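1. Give me the fold of what follows.
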Amino acid sequence: MSDREEQRKHVHVACAIVERNGLVLSALRSASMNLPLRWEFPGGKIEPGEGREDCLKRELVEELGVEIEVGSPLTPATHSYPGFEVTLYPFLCRIVSGEVTLYEHSEARWLSPARMLELEWADADLPIILEYQQLRAGARG
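-> Take a look at the predicted model:
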């Protein structure tokens, strides 16, 4: 491994696929955030010693003002961006308390699984969307 690869930052992020009435919550990163104006699943960096599910619960209260129930995990996805690499750990979730309030994001939308790719997503989220669409298509079929 080269020195450059060793210095490359790797971020571990838990993300929530929040479902409600057959729709999925998507959040638009604000212009001041890293990867600005890209859509993503809400969530955040996993703190040292923090479990993935606990991270999700904390982040969704901080970012969106909602308490969630964390369900089944999907397949983690790793993506290389210029200057850093990220691994996303997705979980199916549902809101158990509160209404979505934007504290960090510019916009939030509830989308059907079939319409998710109409938005401009952060690249790391794309394999998760595809797996989720297959999962829900299988549930209907």
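
2. Show me where this protein has its strands.
-> 9-20, 23-29, 39-40, 43-45, 67-73, 77-81, 84-97, 105-111 (DSSP state E).

3. Next, the angle from the first one to strand 77-81.
-> Inter-element angle recorded for strand 9-20 and strand 77-81: 130 degrees (by axes from the mean of the first three to the mean of the last three CA atoms, to 10 degrees).

4. List the neighbouring strands of strand 9-20 plus their orientation.
-> Sheet pairing of strand 9-20 (DSSP bridges) gives strand 23-29 (antiparallel), strand 43-45 (antiparallel), strand 84-97 (parallel).

5. and the shortest one, how far from the chain's centre?
-> Just to be clear, that refers to strand 43-45. Centre-to-centre, strand 43-45 and its host chain are 7 Å apart (CA atoms, centre = their mean, to the nearest Å).

6. Ok, the first one next?
-> On the basis of CA atoms, centre = their mean, strand 23-29 is displaced by 8 Å from the centre of the chain it belongs to.

7. Just the residues contacting it, thanks.
-> Residues outside strand 23-29 that contact it (CB atoms under 8 Å, 6 or more residues apart in numbering) are 16-19, 35-42, 63-64, 100, 102, 105-113, 116, 119, 121-122, 132. Backbone N, C-alpha and C define where each C-beta goes, glycine included.

8. got the buried residues for that strand?
-> Residues 24-29 are the ones in strand 23-29 that count as buried (16 or more other CB atoms under 10 Å).

9. picking that back up, nearest to residue 12, out of the strands paired with strand 9-20?
-> strand 84-97 (5.3 Å; CB to CB).

10. Buried ones in the closest one, by neighbour count?
-> So, applying 16+ other CB under 10 Å, buried residues of strand 84-97: 86, 88-93, 95.

11. any idea of the mean pLDDT for it?
-> Strand 84-97 shows an average pLDDT of 98 in the prediction.

12. For it, C-alpha coordinates in PDB please.
-> What follows is strand 84-97, C-alpha atoms only, in PDB (Å, rounded to 0.1, in the frame of the first residue of the first chain):
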ATOM      1  CA  PHE A  84     -11.700  10.100   0.900                       C
ATOM      2  CA  GLU A  85     -13.600   6.800   0.900                       C
ATOM      3  CA  VAL A  86     -16.900   6.100   2.500                       C
ATOM      4  CA  THR A  87     -18.700   3.000   3.600                       C
ATOM      5  CA  LEU A  88     -22.400   3.300   4.100                       C
ATOM      6  CA  TYR A  89     -24.200   0.900   6.400                       C
ATOM      7  CA  PRO A  90     -27.900   1.100   5.400                       C
ATOM      8  CA  PHE A  91     -30.900   0.000   7.500                       C
ATOM      9  CA  LEU A  92     -34.600   0.000   6.900                       C
ATOM     10  CA  CYS A  93     -36.200   2.300   9.400                       C
ATOM     11  CA  ARG A  94     -39.500   3.900  10.400                       C
ATOM     12  CA  ILE A  95     -40.300   7.100  12.300                       C
ATOM     13  CA  VAL A  96     -41.900   6.400  15.700                       C
ATOM     14  CA  SER A  97     -42.000  10.000  17.000                       C
END
